[in-house]
Every structure is written in structure tokens, then in C-alpha cells.
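Student: using only what follows, build the 3D model:
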Amino acid sequence: LIVSIMGYEKYATVIESPSASIQTIYLYQKTNQLSEVVIKAFDKNGWEKWGPLFLETFLGTTSNGEKARLKNKNDIRFKHNKETNKLEVYALKPLLIDSKALGYSLEYHLEFFEIDFGKNTNTYAGYPFFKENKKASKAKMKNRESAYNASLTRFMRSLYNNTAQADGYLIRKMVEVKNLEKERVR
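Tutor: Okay, here's the model as predicted:
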């Protein structure tokens with residue numbers, strides 16, 4: 001459950017279903033005190049330069065991801081910091097995504113998106129809101145199941161529930177073994 005009102009801190013919690021208890025939610029007013037502000041311009045022609053990488057990273061390269069369409073790309077801004085070799089992506093409005101393969105529309109409130117080229121990592125966070133386009137066909141339901149079965153969400157739930165092996169995951173511990181002969185030759 002996410003409760004968001006302008007001028008107040010966002011409230012987010014997990015509700016276990018079915019839940020019969022009623023919760024009281026308190027929202028706290030955001031403070032108006034501003035910290036130091038550094039103004040940097042967004043990259044000119046950012047979409048042309050960084051848009052394909054953003055879509056590949058955010059929507060993925062699977063057939064489902066390639067069939068998804070971002071409807072408001074003009075609301076996205078890019079900032080590449082050459083010193084840290086990081087790309088930051090900002091959304092001025094919630095991202096509107098139409099997934100024809102899965103049969104739903106998605107409104108994604110992007111809170112944070114960063115690609116660190118030096119560490120070869122990407123990190124993003126936000127809040128998704130799904131809307132059923134129309135009653136999903138059997139093919140779309142199969143696509144949804146396939147997407148979920150290959151998702152990080154399913155993997156993390158399996159780890160949390162200690163059912164990774166039963167869910168078909170093979171987890172191995174990586175052990176680094178030094179090549180003593182190579183070190184001896186050096």
C-alpha cells in the first residue's frame with residue numbers, strides 16, 4: 001500500500017492478504033527547509049544518446065520487454081557525470097508503459113535510476129501501478145506467468161521462503177582458488 005499526497009512524506013507498507021485489521025495511517029508533513037542546492041543541466045539530446053540504453057535496462061531485452069512501449073519519453077531527463085562515470089535518469093511525471101504482450105498498462109513512479117559504468121551496475125527504485133487493459137487472453141496469461149517465473153521478484157521470494165531449490169533454482173557458492181603455479185612463476 002502506498003499513500004502519497006503532495007506536501008507530505010510518502011507512506012509505504014506491505015499488507016499481508018487476507019487482512020481483516022484496519023490500519024490507521026499517519027502522514028507527516030514534509031519540511032520546507034532546503035539543503036544546499038547544486039544546479040546542473042540535463043544532457044542536451046539526452047533521449048537520443050541515452051534513451052535506448054534506458055529502455056534496454058528498464059524494460060529489458062526479452063520479447064515481452066521489446067513489445068512494451070513507453071508512452072511519455074519526453075518526460076524523461078538524463079544526466080551523465082563524466083567524473084563519476086554514472087548516468088542518472090529523472091522522470092518529470094510517472095512513466096506510462098503499455099505492455100501488449102502482458103495485457104496491461106503500467107504507471108511507474110520512478111524515484112531513482114542510476115547506471116554506474118565503472119562498476120557495471122544499474123539501480124532503480126519506484127512504485128508500479130498496474131491496470132488491466134481488458135480481460136487477458138490465455139496467451140497473455142501464459143506470458144505473465146513466464147515473465148514472473150524468470151523475474152528477480154520470484155527469485156527473491158524463493159530465497160526469503162527458503163524454497164529456492166524446490167522452485168528450481170540451483171545456487172552455488174563461488175569459491176576463489178588461487179593458481180599457486182601461476183604465482184610461483186611470477
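Student: all strands for the chain, in order.
Tutor: Taking DSSP state E as the test, the strands found in the chain are 2-3, 11-12, 68-70, 76-81, 86-91, 95-99, 104-116, 121-132.
Student: any idea which of those gets closest to residue 48?
Tutor: Set against residue 48 and scored by C-beta to C-beta, those come closest in strand 76-81, at 9.8 Å. Heads up, the C-betas are built off the backbone N, CA and C, glycines and all.
Student: picking that back up, would TSV of the strands of the chain with mean pLDDT be doable?
Tutor: Below are these laid out as TSV (pLDDT from 0 to 100):
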stretch	mean pLDDT
strand 2-3	78
strand 11-12	80
strand 68-70	92
strand 76-81	94
strand 86-91	94
strand 95-99	93
strand 104-116	93
strand 121-132	90
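Student: make CSV from those strands and add distance to residue 152 to it.
Tutor: Below are the strands of the chain laid out as CSV (distance: least, C-beta to C-beta, whole Å):
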stretch, distance to residue 152
strand 2-3, 20
strand 11-12, 19
strand 68-70, 17
strand 76-81, 23
strand 86-91, 19
strand 95-99, 17
strand 104-116, 16
strand 121-132, 12
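Student: please convert those to JSON lines, extending it with mean neighbour count and distance to residue 52.
Tutor: As requested, these are exported to JSON lines (neighbours: other C-beta atoms under 10 Å; distance: least, C-beta to C-beta, whole Å):
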{"stretch": "strand 2-3", "mean neighbour count": "12", "distance to residue 52": "30"}
{"stretch": "strand 11-12", "mean neighbour count": "12", "distance to residue 52": "31"}
{"stretch": "strand 68-70", "mean neighbour count": "17", "distance to residue 52": "11"}
{"stretch": "strand 76-81", "mean neighbour count": "17", "distance to residue 52": "11"}
{"stretch": "strand 86-91", "mean neighbour count": "18", "distance to residue 52": "12"}
{"stretch": "strand 95-99", "mean neighbour count": "19", "distance to residue 52": "16"}
{"stretch": "strand 104-116", "mean neighbour count": "16", "distance to residue 52": "12"}
{"stretch": "strand 121-132", "mean neighbour count": "12", "distance to residue 52": "14"}
